[in-house]
Structure formats: structure tokens, C-alpha cells
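A.B. asks: need a structure here:
(2 chains)
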Amino acid sequence: MKKFTYILMLCVAALSCSKQERIFSEGASERIADAVDLYKSAILARRTWVMEYFPDDQLRYGGWVYVLDFREDNSIEAWFEGSGFVPSADPVTVSEYAVEFSTGPMLKFCTNNDYLHYFSFPGGPNGGGYQGYRGDYEFTIMSLNETMDEIILRGIKTENRIRLSPLSGKWTPEEYINAVKDSELSVRRTSFDLTLDGVKIGVLSRACTPVMDDFSSFSRSKIWTLECGEQKQDICTITLPDGIMKAYEPFTVKTPQDGELSLQTFRWILGETSGKDEFVCIENGRIELK
Amino acid sequence: MRSLKIFTAILTLSLAVACGKEELSGSIFQDPEERTSEFDLWLQRNYVDPFNIRFEYRMPDRETNFSYWVSPPNVRESIMIAKLLKFTTIEAMIEMMATDDESVDPALFVKSYFPKVIFLVGSFEISNTGTTNLASAENGLQINILGVNFFTVEKDAVRIAGTMLHEFTHILDGIYACPAEYKDVTPDGYVGSRYSTLGNDYLQNGYVSNYARSSVAEDIAETCGRLISLTDAEWEAMYAAAGNEAGAKLRMKHEIVRKWLLDSYGVDARKWSEIYHRRISELDSLDWVSLDD
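C.D. replies: Reported below is the predicted structural model:
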């Protein structure tokens, strides 16, 4: 019995020494530091980014375009398509950002910027009420693609998906924002027939056209209501240069013959006369908004 | 047999000890990247080095109250508030505790009791019923100053200096509690969150404000804050407006708080009040922008 006990003790001691394979070659802290360094260096490498920003978890205020200039000293300058309705006569547009680890790798806009915090500021002259417009200013960095030209963020309160892409060299920040506004202003209609192969299958409408210095009408112009048979839903959109209108996420329409079609992005095409201007769906050219 | 026992024991011990060492990486809880703006260096010289106080103006959302939607402060107004608190609160307390005895550190009161974190929020905390928090204190360690982006010297400097006195009282009350007899002065008048629906007869009920009626703790903070921020003449006017019975209750609360400060903290409230008022009157001469000092 004693011998058995000794042998058992030796086995336990020996087994406790068995070498464990490590899943990661580096410890957690090194991996965190590496990730933060990677994201920060990626942001600074491209420096000027376009942010497609969606406030409010219920997407009631539309999507908004910012151009962001990230600098080495942690300062950031912002340009905003909604600058016309920001109430301050001398807005703060240069503030501080941070890329750091908190509940994951995060991008934070950590001091006030009258453009970047327009949607998050409650009870201010922006008229946003006690929750502001439910905008985020701290984001979890969800992904960076291999070519380092797309960063996907997620707002920590709304969990909305926010996309960063580098500003093309053909634009200055001001030119890009103006091109977005031009796209907005070129569409003066509030209702379109949704057609498949030229046949009307539904209607897409909105409350009003954008007014650049009025947040209420500007934001409502970004929310379209889709009515297609029994289907009725609100579509939250963002506008980009070159007449692009993009929904926050793909949506489907039911068609008599083809079942469901997935749509997200439309391009504004000028016709022979303004009455023939129309949106063409980029994902499915058979779908038009006339 | 005995040698086998010894051999087995030694071998077991050696194997066990040999297994104990493992290379550990650093902590995953890392301080945010060190940033040194001109304002950070000023804070280091005026808050961190002398008093070990962190003045947090890059509002990490996780440290805010998640019941509210809030937004970060402007740097410009953060600088102004840092200067305001230093002049009207911290330096006033040091001046108040100064004696002829050079062996006593007059900053000891600040170093010992003043909260170690001042946390700035650009917006106010607004509830769905519209009530607005101007400031708050947390666990004796942190004072939150809200609405920083609305700050103007003319409109808000005195209010924020007074609010600091209120919030600091919560901290002091949490360390050495105000005597229990305080709550017996007006025991039946505390109404919780309904205070905002009451009329303006708080003086006639023995309170210095409607907010003081929300709880005993707020009553103590409101009374103590006014003990410093109001003049004797203003207190006398309050007693007179309250009437004989309620005025006597206000005098009782005033005296309990004054004695509590003296007995628990060695604080001469009258001296503090005089210094406070003199400094408030000198606010016009304060340089609100320069970070050279």
C-alpha cells in the first residue's frame, strides 16, 4: 500500500510538469498592445478618413458623413456634412482622440468637438433633448481589412456599425463634404416608384427634402419609407459623392416572380430631362427608383 | 525503506518546485497612453504633484453614470474650471488651515480629505423627467462636475465654487459622519425625489433649499455649503424669513454643522467663509487662460 502511495505521488508530481502548448506565442498584454499599435498606425498611415456615422440605435436620424484628419499628437480635425445646422458660431472642430484598450481596442473622441459630439450632446442648443440624438463617441474597433483601407467600428451604446475609409487623394476634406451635399441637393423629390424591369412593385417616399441648415428636415430627408405590397418599413440612408445613396444595411423587397431581392446602394442617374432622373440600384440593375 | 521514503519525498518536492515557474506577461490593465499637452503639464504641476489629485477632462465614458447620455468637455472650459477650483477651493482651504506653526503642513487637510479625482463632463446629466444634475460625489473619492461646456465666468464661477463646497461636504460626511442629532432637527420633512414638486416654503420648514428636503445627506451638504458661501447677514436674513420656529431649527442645523467641522476636522468655518468670499471677489483678476504658472 505504501509503495502504491509513493508511486502515486511521483506520478502526480511528474504529470504536473507536463508542458502545455501555448495557443498564442505572446501573452495577452503583448497582443493587446500590438493590436492597439496596429490600429493606431493604420489610422495614422492613411491619416484622413471618411466616416459613415449612424447615431441612434433605432436609426431615426439618418446616416452622416464626416471627414476626419487624425494627427500624431492625438488631435483630430473634423469636417461634417451637417455643419450648416451646428448651432455654434465658432464651433470647436479640432479636439482629441485616443486609440486605446478598454473593453477591447477602441477609438474614442475624448474631448468635445462640436461636429463629432453633435449627436451625443444632451440638453444643448442642438435641441437634442435629454439623450441628445443618442450618438456614440466611443467605438470598439471591430475590424481592419488586409489592405488597411477599411475600419469597421461599433458604437458602444448604440452598437451601430460605423465605417471608416480613407479619403481619396482626389478630394480635399472640404471638396468631399461639398460633393456629399451636392448629391443630397440634386435629389429634390420625396417619392419614387420602385420598379423591377420597369414595372412598379412599390413606392419609396420620405417626409421632406434636405435643408442644409435645419437638422429636423435634413435628418428626416434621410429616412425613406418602403411600401411594397404588404411590406412597409423605414430605410435609414446615408448619401455619398457621385449621387450615391446607401442604406444602413441591405434590405429586401418581395417581388411576384423573383421572391426576395436584396438592395442597399443606389446611384442617381441624370436623364434626358430632369423628369427622367432616377436612382438605379447598384446591387441589382433591374431595380430602379423612378 | 527509510531511504526510499526520503528519496521519494525529495524527488516529489523537486518536481513540484521545478514546475512552479512560468513566464508571465505584463498586466492587461494598462494605463492609457501618456499624453502631455500644455494643460496636462499644468495639471501635473498644480494638481498631481502637490496633492495627488487627478483632474480628468478626457471623459472616459465607462466612468460616467450610464443612466444618462452625456458628452465630453471642451478643453478651454476645462482649463477655466481647473483654475477656478484651484483658486476658490484648494488654495482657500490651504489658506484656511495655515497657522504660525511651521511644522504643520497647511495643505494636509486638502491632501487628506479632498477627493482624488475631479471628473469633468461637458453636458449635464438630464433625466427623462427633466431634472438636471449639476454635480455629484462618488464614494469619497471623486467629484463630478457637469455642464462644463456651458461654463462662463460671469454666470457659473460662483455656482460651481458653491457646488464644490456642497459635494466636498458629502466627502467629509462620508469620512466622519455629521452627528446623528442633525436628522432629528426636521425629521419629518424629507420627501426624496418629490422635492422638485414642492413650493418655495423650504425656509419656513427649516431647510436652506428645496433640494435639502430630498434627504438628510443633501440637507447637511446644502447647509454646510451655505455655511461657507453665505455671509452672516445672509444667514440672518434667512432666519428672519423662516420665522421663529423654523429659524430656530435653521440655527440649530447651522451650529451642528459648524461644530462638526471644528471637532472632526479642525476647520474654522467662519475663517473659511471669509477667505472664500475674498477669493470670490478676486475672481475678476484671475488669468483664466495662461498655463504658465
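
A.B. asks: any residue of stretch B:125-142 up close to chain A?
C.D. replies: Yes: Stretch B:125-142 is in contact with chain A by CB under 8 Å from any CB of the partner chain, via B:126-128, B:130, B:132. Placement of C-beta: from N, CA and C, glycine included.

A.B. asks: CA atoms of that stretch as CSV?
C.D. replies: C-alpha atoms of stretch B:125-142 as CSV (Å, rounded to 0.1, in the frame of the first residue of the first chain):
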residue,chain,number,x,y,z
GLU,B,125,-27.0,64.7,-16.6
ILE,B,126,-30.6,65.1,-17.6
SER,B,127,-33.3,62.6,-16.6
ASN,B,128,-36.3,61.7,-18.6
THR,B,129,-38.4,63.9,-16.2
GLY,B,130,-36.1,66.9,-17.0
THR,B,131,-34.3,67.0,-13.6
THR,B,132,-30.7,68.1,-14.2
ASN,B,133,-27.7,67.1,-12.1
LEU,B,134,-25.1,69.9,-11.7
ALA,B,135,-22.5,67.8,-9.9
SER,B,136,-22.2,64.6,-7.9
ALA,B,137,-19.8,62.9,-5.4
GLU,B,138,-18.8,59.3,-5.5
ASN,B,139,-17.5,57.1,-2.7
GLY,B,140,-15.5,59.8,-1.1
LEU,B,141,-13.0,59.6,-3.9
GLN,B,142,-14.4,61.5,-6.9
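
A.B. asks: so how far is it from its chain's centroid?
C.D. replies: Computed by CA atoms, centre = their mean, to the nearest Å, the chain-centroid distance of stretch B:125-142 equals 12 Å.

A.B. asks: which parts of it are buried?
C.D. replies: Residues of stretch B:125-142 classed as buried: B:125-126, B:133-138, B:142 (neighbour count, 16 or more other CB atoms under 10 Å in any protein chain shown).

A.B. asks: residues making contact with stretch B:268-283?
C.D. replies: B:84, B:87-88, B:91-93, B:95-96, B:153, B:157-158, B:161, B:165, B:227-231, B:257-258, B:261-262 (CB atoms under 8 Å, 6 or more residues apart in numbering or on different chains).

A.B. asks: quick one, which of those are buried?
C.D. replies: B:84, B:87-88, B:91-93, B:95-96, B:157, B:161, B:165, B:227-230, B:257-258, B:261.

A.B. asks: shaky segments in the stretch 1-150 of chain B?
C.D. replies: B:1-35, B:139-140 (pLDDT under 70).

A.B. asks: change it to 90
C.D. replies: In the predicted model of the stretch 1-150 of chain B, residues B:1-36, B:59-68, B:99-104, B:127-143 satisfy pLDDT under 90.

A.B. asks: ranges for the strands of it?
C.D. replies: B:54-56, B:117-120, B:125-126, B:132-133, B:135-138, B:142-145 (DSSP state E, counting those that start in this stretch).

A.B. asks: who's in contact with the second one?
C.D. replies: Taking CB under 8 Å, 6+ apart as the criterion, the residues outside strand B:117-120 that touch it are B:47, B:53-57, B:59, B:63, B:73, B:78, B:81-82, B:85, B:141-145, B:148.

A.B. asks: mind running it again at 10 Å?
C.D. replies: By CB atoms under 10 Å, 6 or more residues apart in numbering or on different chains, the list of residues contacting strand B:117-120 from outside reads A:111, B:43, B:47, B:53-60, B:63-64, B:72-74, B:77-78, B:81-82, B:85, B:89-90, B:135-136, B:138-139, B:141-149, B:151, B:164, B:167.

A.B. asks: ok now it, how far from the chain's centre?
C.D. replies: 9 Å.

A.B. asks: domain assignment for chain B?
C.D. replies: For chain B, the structural domains run B:34-157, B:176-285, going by automatic domain parsing.

A.B. asks: the one residue in chain A that gets nearest to chain B: neighbour count?
C.D. replies: Nearest to chain B, among the residues of chain A, is residue A:27, at 2.2 Å (CB to the nearest CB). Neighbour count for residue A:27, taken as other CB atoms under 10 Å in any protein chain shown: 16.

A.B. asks: what does the one 5 residues further on give?
C.D. replies: As a burial measure, residue A:32 scores 21 neighbours (other CB under 10 Å).

A.B. asks: and the helix or strand containing it, how far from the chain's centre?
C.D. replies: Assigned by DSSP states H and E, residue A:32 falls within helix A:28-46. Computed by CA atoms, centre = their mean, the chain-centroid distance of helix A:28-46 equals 21 Å.

A.B. asks: cool, and stretch A:221-236?
C.D. replies: 20 Å.

A.B. asks: quick one: end-to-end distance for it.
C.D. replies: Using CA to CA, to the nearest Å, the end-to-end distance of stretch A:221-236 comes out at 10 Å.

A.B. asks: okay, buried residues for that stretch please.
C.D. replies: Residues A:221-224, A:226, A:228, A:235-236 are the ones in stretch A:221-236 that count as buried (16+ other CB under 10 Å).

A.B. asks: please apply the same query to stretch B:196-216.
C.D. replies: Of the residues in stretch B:196-216, B:202-203, B:205-216 count as buried by neighbour count, 16+ other CB under 10 Å.

A.B. asks: quick check: mean pLDDT across that stretch?
C.D. replies: Averaged over stretch B:196-216, pLDDT sits at 93.

A.B. asks: one more: stretch A:45-61?
C.D. replies: Mean predicted lDDT for stretch A:45-61 stands at 97.
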